[in-house]
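# Below: sequence and its predicted model.
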Amino acid sequence: MTSISGPVVVLLTVLQWAGRGLPSPVRPICDPRVLDRFIMEARDTETALRGCKAGCGVTGTFVVPLTNVDFVVWETKDTEQQALEVQSGMSLFGQALGAVRESVSRVAVQILIDNNKSNIHSLGQVLRSLHIQDLPLPPAPAVGDLVTRKVSSLSELLHVHTNFLRGKVRLLLTNAPACQQNST
Amino acid sequence: KKMTNDNLNKLLVFCVLFCAQKTSIVHGAQALETKVTLLLHAEPENPKCFAEGMSDLTCFWEEDEERAGFTDQYSFIYTYQNENSSECSITALPAAGGKRLYFCRLSQTQLFVPLDIRVFRDDLLIHNRSLFIELVFLLDPPANLTLTSTGTQGQLKASWLPPSLKYMGDSMMYEVSYTMAGSHIGKVEEVQASSELILRGLQSGTKYKVRIRVKLDGISYSGYWSTWTDPVLMETMPGDLDPLIVSLSLIISLVLTLLSLLVLMSHRRFLLKKIWPIIPTPESKFQGLFKVYGGDFQEWLGHSTGGLWLRPAYFYSEEFPAPLEVLSEVSLGPALPSSALPPKASETLGEEDEDEKLKRVDSALMERWRETPQEHWPMDQLRAIHQHPAPWTQSSLLESHDAYVTLNAQNHSGEEPLDDILEETLPLQVLFASGRTSSESRSDLGSFQQSSGLGRLSSQSSFEYPNHTWPPKGPGYTYMAVADSGVSMDYSPMSSSKIDDIGKGVIYTNEYKNEIPAHRRPIGTPIHFAF
């Protein structure tokens, strides 16, 4: 457990706030239904584009995080480590969906992808409301990394995206310290 | 010694743990049996797998006993995504219906990642399945289901204890089933991420049976419905009467009461007659019996005039002696305007057959009787007879076939008492009528009473003198002539000529009552009696 002195934390927070230009929400968002909505929309997108012919014209490979959760192992990690995993994964998905958006030509597909990208951005806001500061992202993952893997189709990308949201992201939000005071 | 103590302590701990585990094993076995049964119906794929907690997975498949092989013939290979395969150890358990179950249990699992399962029997793939473990949860049913009253009509509050699973509380979904005790039709209510539910719209004062089951909501986690809890019974609060219903029923009952009262009042006489019938009294038949004579029947008899009960037939039967009957038709003397008769009568008195003469007289008289007005001829005739006493004294009258009875007043000479006067004959005795020639039907005349003011009367019957030698009575006698016209009767006292000659003889008249009933009174027949 790293111990950060008080003034340093304040300084970092101020810097991050200044850097981002975005005020953190005052009230922590602990309602699980918020994330549930993101999960359902991601699932709907996955279902809608599963039957897409030729992968909806999307080619290439995408780097995605691992979604598996071993609870025993997970509970040994602290909130920060969990947050790091979640945030890095969300960043990877953001990049992948951005690339997909540029590849697709059908408007309906574009709308769905845009929605998911928006949800990822909102999720970042939720994390910030829980005082989970944005941590510097790790460098681009190398091949063979233990925390990432590659996918080659849109449907698989979306599937992994859904699993990631259902698993790690949800566990992190449910057990965030800021929400533990409110929960019964 | 220390070693022994340590060993003993270890043994003790081991025993405790073993016992505890045994108890839990027993419970677990029962729970497992129910879950297996449930999944055999709910899950079509093989092998059937379920997760009870966050870190476990139980998979099983079923085979017939006959075709079942040894456990080492089977191999259970599972592979997580992006990982190497692993093998699970298989255990076999017998099942009902000649089946065998093969189990594989994983104690460490990864969620949110696809799991690939393959089952081999003698290197032959028999089952293949890919699943997410967080989507096959089969939880234990909620515990401690309790029902309480909310204090409001038709409501019950159900509360329970959610399954104690970490991270799962807000993902749990419950189904509450409530039915009226004894009924098969029940309702179901769903509730999410809660540990209590208020059942509304229940009937008051009714016993309800409530049970609950749990399932994950399917957003992050999913699974199968758990088994139902044991039902819990509770009676709802007794219902208050709806004020609208109470007021309506009051109004209706009031209206009905008024209507029934009206009907009763309008028919009260009839009802009184039926419920309290009037004791019949014979007062209407006996006028004045109770009011005037106070129930004294004897007195009433003596004074009654109506005498409806006094049946004339009862008294006027032939068996009873009638108090009086009057002479029938009288063949009057030739005192009529026709003067032919008297001379004839006088002339032929000795020579002609008196019967024929009388018949002639009779017929002539009859004719005259018919001609003259009935109101006047009796008196005229009588006066005529009086004026011509000779034939009268010759008693043509008395020589007729009719029977006569004379009533003699007692002389002071002291004639022997007439014993033959019956007591009943203070009124006149019955006379006979024979030789009627009138076409009119004339029955015997009615009788009438006569007062006994004249003293004792004697009576003689004309039948005592069969030879028509009715001796004239001397020296004279008074008589009352009665003329009955059928409508009225005229009475006039008369006396014989001798009495007149004598110049004495006060004629006393006394009142009497003539009670000849109308039907017996022949019309137009004069009634004479002599005394």
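Here it is on my side, so go on.
# quick one: contacts for the one residue in chain B that gets nearest to chain A?
Chain A sits closest to B:Phe112 of chain B, with a gap of 2.9 Å, by C-beta to the nearest C-beta. Where you see a C-beta, it was placed from the backbone N, CA and C, and this is true even at glycine. By C-beta atoms under 8 Å, 6 or more residues apart in numbering or on different chains, the contact set of B:Phe112 is A:Thr67, A:Asn68, A:Val69, A:Asn163, A:Phe164, A:Arg166, A:Gly167, A:Lys168, B:Phe132, B:Glu134.
# From B:Tyr80, how far off is it?
Using C-beta to C-beta, to the nearest Å, B:Phe112 is found at 11 Å from B:Tyr80.
# what residues are shared contacts of these two?
Here B:Phe112 and B:Tyr80 have A:Asn68 as joint contacts, going by C-beta under 8 Å, 6+ apart.
# Run a quick neighbour tally on B:Ile198.
14 (other C-beta atoms under 10 Å in any protein chain shown).
# Which helix or which strand is home to it?
If you go by DSSP states H and E, B:Ile198 is part of strand B:196-199.
# Whatever helix or strand comes next after that strand pairs with which strands?
Helices and strands here follow DSSP H and E; after strand B:196-199, the next one along the chain is strand B:207-216. For strand B:207-216, the pairing partners within the sheet under DSSP bridges are strand B:172-180 (antiparallel), strand B:232-235 (antiparallel).
# most tightly surrounded among those strands?
Highest mean neighbour count of the strands paired with strand B:207-216: strand B:172-180, a mean of 19 (counted as mean count of other C-beta atoms under 10 Å in any protein chain shown).
# who's in contact with that one?
Strand B:172-180 has contacts (C-beta under 8 Å, 6+ apart) with B:139, B:142, B:156, B:158, B:160, B:162-163, B:185-194, B:197, B:199, B:202-203, B:206-218, B:225, B:228.
# Just the buried residues out of those residues, in PyMOL syntax.
Per 16 or more other C-beta atoms under 10 Å in any protein chain shown, the buried members of those correspond to this PyMOL selection:
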select buried, chain B and resi 139+142+156+158+160+162+163+189+191+197+199+202+206+208+209+210+211+212+213+214+215+216+217+225
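# And B:Ile252, what's its pLDDT?
pLDDT recorded at B:Ile252 is 96.
# ok so, going back, is the strand holding B:Ile198 positioned near chain A?
No: shown here: strand B:196-199 not in contact with chain A (C-beta under 8 Å from any C-beta of the partner chain), separated by at least 12.2 Å.
# So which elements touch that strand?
Judged by 3 or more C-beta pairs under 8 Å, 6 or more residues apart in numbering or on different chains; DSSP states H and E, the packing partners of strand B:196-199 are strand B:156-161, strand B:172-180, strand B:186-192.
# and with 10 Å instead?
Contacts defined by 3 or more C-beta pairs under 10 Å, 6 or more residues apart in numbering or on different chains; DSSP states H and E place strand B:196-199 against strand B:143-149, strand B:156-161, strand B:172-180, strand B:186-192, strand B:207-216.
# Just the C-alphas of the last one, formatted as CSV.
Looking back up the chat, that one is strand B:207-216. What follows is strand B:207-216, C-alpha atoms only, in CSV (Å, rounded to 0.1, in the frame of the first residue of the first chain):
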residue,chain,number,x,y,z
LYS,B,207,-55.3,-16.6,5.1
TYR,B,208,-52.6,-16.3,2.5
LYS,B,209,-49.8,-18.7,1.6
VAL,B,210,-46.6,-17.0,0.5
ARG,B,211,-43.4,-18.4,-0.9
ILE,B,212,-40.4,-16.9,-2.7
ARG,B,213,-37.6,-17.8,-5.0
VAL,B,214,-34.5,-16.0,-6.2
LYS,B,215,-32.6,-15.6,-9.4
LEU,B,216,-29.9,-13.2,-10.7
